[in-house]
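>>> just coords:
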């Protein structure tokens, strides 16, 4: 890792990545991928970006690790190596709005609707259902599976994709004040990326 980019990764090792999940299971590989974005090896950087797309934004889904990665990605977008910034901006856009720009462009996005749907499937709403299913289950394998999901939901997670998607959106929303500086960036590609991203935050 280049010393000049050390501050961008401050706090990266304070996150318990191994306890978080992404599309392929444990997210313990995420900090290494993020570090590679700040490295000097262009091939390793491209591979790291591709792996992050595949793991924390797999086919449009967001996971526990997705929102935790956003602050570090935002710092890299603002002050990381020039070769990493545009791709990182693209990943931030996808973590925020999935592929909605492919089919909602003419009407915009309904963030109020997103929040209402996510609220209906929040962990506190989902937990009673899993408690009931666990209490009624008689097969031990089924009980084991339900117990694991129940415990995961009790820890503040929801199995509903709309809930996890909104967490990704809100994580990027929280970083927008710092990302606004990119509107004056010397690189026109970066200015285009941040303008495009901002368009998806009517709030």
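Cool, the structure landed. All figures in this text were calculated on a predicted structure; none of them were measured in a lab. Numbers count the residues shown, from 1 in each chain.

>>> Low-confidence ranges, this structure, go.
By pLDDT under 70, the low-scoring segments of the chain are 1-4, 100-108.

>>> Determine the longest helix present in it.
Criterion DSSP state H: the longest helix present in the chain is helix 161-179.

>>> Could I get the buried residue list for that helix?
Residues of helix 161-179 classed as buried by neighbour count (16 or more other C-beta atoms under 10 Å): 162-173, 175-176, 179. In this view, the C-beta of every residue, glycine as well, is placed from N, C-alpha and C.

>>> Strands along the chain, start to end?
Remark: strands assigned in the chain by DSSP state E are 21-22, 25-26, 57-58, 61-62.

>>> Could you export these as CSV, including distance to residue 98?
Below are these laid out as CSV (distance: least, C-beta to C-beta, whole Å):
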stretch, distance to residue 98
strand 21-22, 16
strand 25-26, 22
strand 57-58, 8
strand 61-62, 8
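
>>> Tabulate these in JSON lines, adding columns for mean neighbour count and distance to residue 90.
JSON lines is the format used below for those (neighbours: other C-beta atoms under 10 Å; distance: least, C-beta to C-beta, whole Å):
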{"stretch": "strand 21-22", "mean neighbour count": "22", "distance to residue 90": "18"}
{"stretch": "strand 25-26", "mean neighbour count": "12", "distance to residue 90": "25"}
{"stretch": "strand 57-58", "mean neighbour count": "18", "distance to residue 90": "10"}
{"stretch": "strand 61-62", "mean neighbour count": "21", "distance to residue 90": "15"}
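
>>> Compare these and give me the one nearest residue 93.
strand 57-58 (10.0 Å; C-beta to C-beta).

>>> Next, the contact list for the residue nearest the centre of the chain, please.
Closest to where the C-alpha atoms of the chain average out (C-alpha atoms, centre = their mean) is residue 66, at 2.6 Å. By C-beta atoms under 8 Å, 6 or more residues apart in numbering, the residues touching residue 66 are 22, 56-57, 95, 164, 167-168, 171.
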